[in-house]
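1. build me a model from this:
(one chain, ligands or ions: 1)
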Amino acid sequence: MATTFTSSPIFFPSSSSASLNRISLNNPFKLNAYPFSLSKFSTNFSSNSCSLALTRKHPVRLFQVRSVAAPVETTAGFDEMVSGTQRKYYLLGGKGGVGKTSCAASLAVKFANNGHPTLVVSTDPAHSLSDSFAQDLTGGTLVPVEGPLAPLFALEINPDQAKEEFRNASKKNGGTGVKDFMDGMGLGMIVEQLGELKLGELLDTPPPGLDEAIAISKVIQFLELEEYNKFTRIVFDTAPTGHTLRLLSLPDFLDASIGKILKLRQKISSATSAIKSVFGQEENRPDAADKLQKLRERMIKVRDLFRDTESTEFVIVTIPTVMAINESSRLRSSLKKENVPVKRLVVNQVLPPSASDCKFCAMKRKDQTRALDLIETDPELSALTVVKAPLVDIEIRGIPALQFLGDMLWK
Ligand SMILES: Nc1ncnc2c1ncn2[C@@H]1O[C@H](COP(=O)(O)OP(=O)(O)OP(=O)(O)O)[C@@H](O)[C@H]1O
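-> All right, here's what the predicted structure looks like:
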């Protein structure tokens with residue numbers, strides 16, 4: 001017997017009858033990878049919504065359909081993004097709250113629906129992947145995302161845990177613990193040299209961006225594992241702009257610090273056997289210096305990854321406000337200085353055209369147009385491919401909503 005119940009809204013890209021007409025009564029269509037056939041259809045254009053009854057074998061599902069913005073004209077060049085099976089990395093970043101997670105999640109879903117085994121990673125200390133996918137993806141390990149056609153996995157890096165590992169490795173090799181120990185041994189000169197490194201203090205009061213650097217180096221560590229070989233697309237949902245900018249210079253800084261520590265460690269360990277024991281020479285225990293050396297290598301990989309034009313692209317996400325666009329311009333300038341490849345600028349939450357006489361909307365649209373015009377004259381942004389995504393009238397959460405956003409955005 002058929003059952004009737006309400007489910008989450010499904011979305012169609014336009015309020016126009018043309019869009020809705022595409023669904024004809026006898027025409028089965030695919031929703032979230034399941035075949036449905038349409039049995040009943042009623043509209044109410046005055047409230048911008050309509051109801052559908054969808055039949056899948058016996059049960060009847062009732063959906064609310066909201067009409068939203070017309071699709072945007074500029075295309076992101078998704079064909080180029082999706083082509084090839086060699087691994088590609090997409091880092092999405094921008095000002096806080098502009099829709100980085102929504103855009104990153106929608107891109108990951110689109111890659112997976114196009115056959116790429118995909119990994120979406122959050123390195124933002126304030127994770128929101130679970131909220132965006134409406135699935136529990138926490139835990140700091142690979143978690144499968146239910147819904148897309150090809151495998152999609154999510155990884156939310158726990159920055160505190162990653163930082164703790166780093167702190168432990170470096171303390172054994174010249175951080176505050178060793179400094180205190182050698183101070184007690186009266187090794188003044190070495191203590192002074194260690195003082196210069198200031199790594200202990202750095203980890204006690206980390207500068208913004210350090211979490212992000214360590215989280216990304218943790219991802220690199222994961223990528224060395226065999227189970228990660230299958231991913232041909234890796235999408236990063238990064239922390240807001242400020243973090244990202246500082247992050248860019250951190251790998252070099254940390255690489256230099258770790259390099260110094262390793263050199264110093266070599267000098268010290270040959271000086272006295274007492275000091276040697278501090279650095280963990282016990283049998284069956286991995287040498288802390290090896291761990292530190294690995295971390296250093298990963299930092300170099302992070303730095304190289306950011307700058308590899310063949311495999312990596314940083315996509316700037318913004319919204320049509322003067323403040324956000326100015327910030328995007330500064331971000332692009334810094335990324336350019338650091339040789340990080342950028343080709344696309346996503347302008348999210350653009351008000352769709354409307355025939356209504358809403359004064360607030362008209363003012364807001366004018367304001368957005370002014371901001372959008374800025375992009376055309378901005379020396380940093382004007383050369384980028386600008387992709388606009390409309391502001392939709394409900395929150396983007398869950399796979400169907402991300403598919404909907406992705407289909408408008410990544411074309
Ligand atoms: N085009 C859109 N239309 C309507 N709502 C949107 C759109 N894009 C994003 N949102 C909503 O805006 C909110 C913020 O989006 P999101 O979490 O993706 O931003 P963020 O840049 O990742 O934020 P943060 O900087 O806090 O990590 C969410 O509630 C999301 O559903």
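
2. OK, contacts around Lys364?
-> Contact analysis of Lys364 by CB atoms under 8 Å, 6 or more residues apart in numbering lists Leu351. (Glycine included, C-beta is placed from N, CA and C.)

3. that one should be in a strand, yeah?
-> No: under DSSP: H, G, I helix; E, B strand; the rest coil, Lys364 sits outside any strand and is assigned helix.

4. any idea how far it is from Ala371?
-> 11 Å (CB to CB, to the nearest Å).

5. one more: Asp124?
-> According to CB to CB, Asp124 stands 25 Å off from Ala371.

6. what does the stretch 101-250 of the chain put close to the ligand?
-> Residues of the stretch 101-250 of the chain lying close to the ligand by CB under 6 Å from any ligand atom are 101-102, 124, 128, 240.

7. Phe111: what's it in contact with?
-> Phe111 is in contact with 81-82, 118, 150, 152, 233, 235, counting by CB under 8 Å, 6+ apart.

8. what strand or helix carries it?
-> Phe111 is located in helix 100-113, with elements delineated by DSSP states H and E.

9. and after that helix, which helix or strand comes next?
-> Per DSSP H and E, the first helix or strand lying C-terminal to helix 100-113 is strand 118-122.

10. what mean pLDDT does that next one get?
-> The predicted model assigns strand 118-122 a mean pLDDT of 94.

11. please enumerate the strands of the stretch 51-200 of the chain.
-> Along the stretch 51-200 of the chain, the segments classed as strands by DSSP state E, counting those that start in this stretch run 60-67, 88-94, 118-122, 143-144, 152-156.

12. export those to TSV and tack on mean neighbour count?
-> As requested, those are arranged in TSV below (neighbours: other CB atoms under 10 Å):
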stretch	mean neighbour count
strand 60-67	17
strand 88-94	25
strand 118-122	28
strand 143-144	16
strand 152-156	24
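
13. more neighbours: Asp124 and Ala371, which one.
-> The neighbour count for Asp124 versus Ala371, taken as other CB atoms under 10 Å, is higher for Asp124 (26 against 19).

14. low-confidence stretches in the protein?
-> Scanning the chain for pLDDT under 70 picks out 1-73, 159-217, 241-293, 295-296, 299.

15. go again using 50 as the cut-off
-> The model of the chain has pLDDT under 50 over residues 1-72, 173-179, 181-198, 202, 272, 282-286.

16. which parts of the stretch 201-350 of the chain are helices?
-> Remark: helices assigned in the stretch 201-350 of the chain by DSSP state H, counting those that start in this stretch are 210-223, 241-271, 273-278, 288-307, 322-337.

17. what parts of the stretch 251-400 of the chain come near the ligand?
-> 348-349, 389, 391-392, 395-396.

18. may I see the ChimeraX selection of the buried members of these?
-> Here is the ChimeraX command that selects the buried residues among those (16 or more other CB atoms under 10 Å):
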select :348,349,389,391,392,396
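
19. in the residues of the stretch 251-400 of the chain next to the ligand, find the pair that's most separated.
-> Using CB to CB, those reach their maximum pairwise distance at Ala389 and Glu395, which is 14.1 Å.

20. for the nearest residue to Ala105 once chain neighbours are set aside, what are its contacts?
-> Residue nearest to Ala105 in three dimensions, not counting chain neighbours: Ser132, with 4.5 Å by CB to CB, 6 or more residues apart in numbering. Going by CB under 8 Å, 6+ apart, Ser132 touches 101-102, 105, 396-397, 402.

21. got it, and Val98?
-> Residues in contact with Val98 (CB under 8 Å, 6+ apart) are 317-319, 324, 348-349.

22. quick check on the closest residue in space to it that isn't next to it in sequence: phi, psi?
-> Spatial nearest neighbour of Val98, excluding adjacent residues (CB to CB, 6+ apart): Ile319 at 4.8 Å. For Ile319, the backbone dihedrals (degrees, to the nearest 10) come out as phi -130, psi 160.

23. quick one, what contacts Ile319?
-> Per CB under 8 Å, 6+ apart, neighbours of Ile319: 95, 98-99, 347-349.

24. in the stretch 151-300 of the chain, what residue comes closest to the ligand?
-> Closest approach of the stretch 151-300 of the chain to the ligand (CB to the nearest ligand atom) occurs at Pro240, with a separation of 4.8 Å.

25. quick check: that residue vs Leu372, distance?
-> Computed as CB to CB, the Pro240 to Leu372 distance reads 22 Å.

26. cool, and Gly84?
-> For Gly84, the distance to Leu372 equals 32 Å [CB to CB].

27. likewise for Gly147?
-> Distance from Gly147 to Leu372, counting by CB to CB: 33 Å.

28. can you check Phe111 too?
-> 28 Å.

29. pretty sure Phe222 sits against Tyr228.
-> Yes: using CB atoms under 8 Å, Phe222 is in contact with Tyr228, at 5.8 Å.
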